[in-house]
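Q: Sequence and computational prediction follow.
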Amino acid sequence: MRASPRLPVLTALLIMITLLTTAYGADSQKYSIEAYFYPVNPAVGEEVRLTLSIVAKASGEPVRGLSVVVKYSVTIAGVKQTIIKQASEHEAGYYVATLQFTDEGENSIEVEVYDGEEKEVFPFSVIVLPPREPTKHMMPGMPDWLFLTSSGMAVLVSFLVVEAYSKRIGEKPYRRYNILRNRIIKRWVKSRKFQFTLRVPTVAAFILVILAGFFGSQDPSSNIATSLTWIFWWIVLIFTVMFLGRVFCASCPWLAISDWIQKLSLWGRKTRQFTLGLRWPARFKTILLAAALFILLTWLELAIGVTKSPIQTAYLGLIILGLTLGSMLLFERNYFCRYGCPIGAIQGAYSLMSPVELKAESLEVCKNCKTKDCIRGNEKGYGCPTYTYVGSENSATSTSCILCSECVKTCPHDNVAFNFRPFLKDLTSSFTPSHAWALFAVVILALTSFHGLTMIPTWGLLISLTEPYLGYIGSFTLWMFLFLGFLIGVVYFFVYLARLMSGTTLLNTRTLFTYFAISFLPIALFYHAAHNVAHFNMEFMGFIKALSDPFGYGWNLFGTANIQVAPITSMDYVWYMQAFLIILGHILAVYVSTKIAHRIYPTHSQAFRSQIPITTLMIFYTMFSLWLTAQPMVMRTSM
């Protein structure tokens with residue numbers, strides 16, 4: 001069959017039309033665009049600044065007022081997703097967008113330019129490198145003159161405090177102000193919705209941390225999970241407990257969610273609860289369980305680097321929730337909050353110094369009460385979830401009371417008071433410590449200092465001695481437990497010297513350790529605060545930035561996503577504040593120790609002599625705390 005003579009002609013015409021159309025399409029674009037990436041070779045998780053230069057092809061002039069959209073793909077939780085960013089016009093013809101890539105290798109980018117009439121699309125690509133190590137930021141330490149002056153002041157005020165208070169023997173009644181005498185406040189606290197309103201903000205924050213940790217950027221400087229948890233919450237917690245005791249426990253998100261699940265109620269009083277009601281094992285009715293978990297938490301934070309990982313921060317939050325909920329579903333009441341929660345235990349220890357207490361207004365009324373509804377519960381509320389009796393005469397409730405306000409609701413005599421009182425009253429008068437609590441006090445003292453130690457250059461030298469043999473994790477674990485064991489041994493030794501110098505053997509070393517170890521809590525608390533002042537100054541603006549872009553997707557919800565992350569104020573003010581806090585903690589510790597000595601020794605002479613080695617150790621430890629703040633310190637969170 002002969003081919004049609006028209007076929008070659010038609011084919012040639014189609015080819016010519018195609019070529020002409022392609023050429024016309026290429027020339028029909030009105031704009032020319034160039035892309036600049038900074039950094040030039042970005043890495044996974046790194047914030048990338050894309051600058052687009054757009055000019056008109058006809059005139060070669062920069063073009064203003066365009067709508068420029070950047071599209072690219074990321075992998076979130078194993079799923080490919082398209083991210084759309086609106087580029088902002090910074091100057092004539094220059095449009096800027098901030099990107100963040102999750103995949104190594106070549107990444108494609110599509111830029112859409114719209115001038116109100118036509119839309120043009122321009123493809124680009126960029127090579128993305130593997131993740132880099134998080135940037136470490138060095139914070140300078142306080143100057144030598146301030147360190148030496150503060151050390152000398154610690155020596156001077158120690159003996160002034162001992163001399164000033166050594167003759168003040170005996171306890172005098174102290175003034176209290178019960179805020180529940182205000183009818184409006186009392187009516188609100190007695191409402192079943194009171195605690196629910198306290199819990200809603202913290203539960204919302206907890207959910208945000210979990211979502212951001214799992215689905216947001218894994219760059220700690222771009223994800224609110226790390227900044228909200230380790231910069232904002234942890235710092236605020238320390239200063240809150242200093243003035244309001246365990247108030248965070250009243251709004252604790254882990255307890256709130258566990259309560260709601262167990263009771264199937266947000267605030268109403270339910271007669272039936274989902275729990276097996278098992279008895280809490282007697283062997284675990286000790287604060288040492290919380291101490292062990294606190295050591296583990298510190299190890300995870302510093303050795304594993306949980307603070308630098310959004311997803312690990314989220315996992316840690318869920319683990320604590322699982323422990324809280326699991327204990328409530330298995331056991332009667334909420335013993336985990338009393339004996340197991342490391343965060344609650346730290347608050348309980350520091351609350352011994354706070355100026356608030358939840359106690360019976362009249363102990364006589366409690367003695368004559370037959371029903372003990374504050375413990376058993378009634379139709380108005382539940383019994384105390386931690387079995388803490390507010391009518392106790394010789395023991396502080398601060399260590400175990402979670403301020404849930406159930407006793408306020410259930411007391412048939414309206415005999416529960418929320419008092420403001422002088423600082424330190426539990427430590428100097430009402431708290432009868434156990435040996436476990438004394439050990440926990442020294443653990444807190446050691447680990448607060450250990451945080452600072454791991455952030456100075458000296459720590460790197462210690463790790464280098466053993467890392468070739470044990471690896472980093474093994475070396476870290478070894479030095480951590482050596483430091484902890486060494487400090488416990490040192491405190492025991494100086495307590496033994498106090499026993500010898502007192503001139504009496506009526507009290508053995510173990511008993512004296514039980515009393516004097518808790519007097520170091522002010523040093524721990526105020527060094528903890530001083531250490532976090534530096535973190536707050538250096539890293540708080542990172543939290544403010546993350547508020548506008550909590551997932552690291554390039555959002556700018558509150559207009560703070562592009563602020564510069566820089567120190568809030570001059571380091572001079574930070575150093576003065578740190579020196580003040582550390583010296584204040586030292587003064588309070590010496591005062592507490594002196595008061596305890598006069599409480600347990602029968603004579604003034606024995607009490608005074610026992611304080612010579614204890615005060616000496618406090619001076620040495622305060623100087624060590626000052627020395628830590630005088631060292632250059634690496635910030636753990638990227639800025």
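A: Thanks, I have it.
Q: Buried ones in stretch 217-236, by neighbour count?
A: For stretch 217-236, burial by neighbour count (16 or more other Cβ atoms under 10 Å) applies to 217-235. The C-beta positions use only the backbone N, C-alpha and C, and glycine is treated the same way.
Q: Relative to Trp575, how far out is the spatially closest residue to Ile568 that is not a sequence neighbour?
A: Among residues not flanking Ile568 along the chain, Asn537 sits closest, at 5.1 Å (Cβ to Cβ, 6 or more residues apart in numbering). Distance, Asn537 to Trp575, by Cβ to Cβ, to the nearest Å: 10 Å.
Q: Read off the pLDDT value for the residue nearest to Ile568.
A: The per-residue pLDDT reported for Asn537 equals 87.
Q: wait, isn't it in contact with Pro567?
A: Yes. If you go by Cβ atoms under 8 Å, Asn537 and Pro567 touch, sitting 5.2 Å apart.
Q: what's the overlap in contacts for these two?
A: Jointly contacting Asn537 and Pro567 under the rule Cβ atoms under 8 Å, 6 or more residues apart in numbering are Val574.
Q: hey, where'd the helices end up in the stretch 201-350 of the chain?
A: Here the stretch 201-350 of the chain has its helices, by DSSP state H, counting those that start in this stretch, at 224-226, 234-244, 247-250, 253-263, 288-299, 310-330, 335, 342-351.
Q: so which of the ones you listed comes closest to Gly93?
A: helix 224-226 (34.2 Å; Cβ to Cβ).
Q: For the closest one, name the packing helices and strands.
A: Secondary-structure packing of helix 224-226 (3 or more Cβ pairs under 8 Å, 6 or more residues apart in numbering; DSSP states H and E): helix 194-215, helix 310-330, helix 521-548.
Q: same thing but 7 Å
A: If you count contacts as 3 or more Cβ pairs under 7 Å, 6 or more residues apart in numbering; DSSP states H and E, helix 224-226 packs onto helix 194-215, helix 310-330.
Q: Distance check, the spatially closest residue to Phe440 that is not a sequence neighbour against Leu525.
A: Excluding the flanking residues, the one nearest Phe440 by Cβ to Cβ, 6+ apart is Ala291, at 4.5 Å. Applying Cβ to Cβ, the value for Ala291 to Leu525 is 16 Å.
Q: again with Ser88
A: From Ser88 to Leu525 the distance is 46 Å (Cβ to Cβ).
Q: still on that earlier bit, okay, Asn537 and Trp575: which has more neighbours?
A: Ranked by neighbour count (other Cβ atoms under 10 Å), Asn537 and Trp575 place Trp575 first, with 22 against 19.
Q: need the contact list for the more buried one.
A: Met142, Leu146 (Cβ atoms under 7 Å, 6 or more residues apart in numbering).
Q: Name the helix or strand for it, please.
A: Per DSSP states H and E, Trp575 falls inside helix 571-600.
Q: Quick check: what element follows that helix along the chain?
A: Helix 571-600 is succeeded, C-terminally, by helix 604-629 (DSSP H and E).
Q: Could you pull out the buried residues of that following helix?
A: For helix 604-629, burial by neighbour count (16+ other Cβ under 10 Å) applies to 606-611, 613-615, 617-619, 621-623, 625-629.
Q: Stretch 461-479 too?
A: Those would be Leu462, Ile463, Ser475, Phe476, Leu478, Trp479, for stretch 461-479 by 16+ other Cβ under 10 Å.
Q: got it, and stretch 388-402?
A: By 16+ other Cβ under 10 Å, the buried positions in stretch 388-402 come out as Thr388, Tyr389, Val390, Gly391, Ala396, Thr397, Ser398, Thr399, Ser400, Cys401, Ile402.
Q: same thing with stretch 183-199?
A: When neighbours are counted by 16+ other Cβ under 10 Å, the buried residues of stretch 183-199 are found to be Lys186, Val189, Lys190, Phe194, Gln195, Phe196, Leu198, Arg199.
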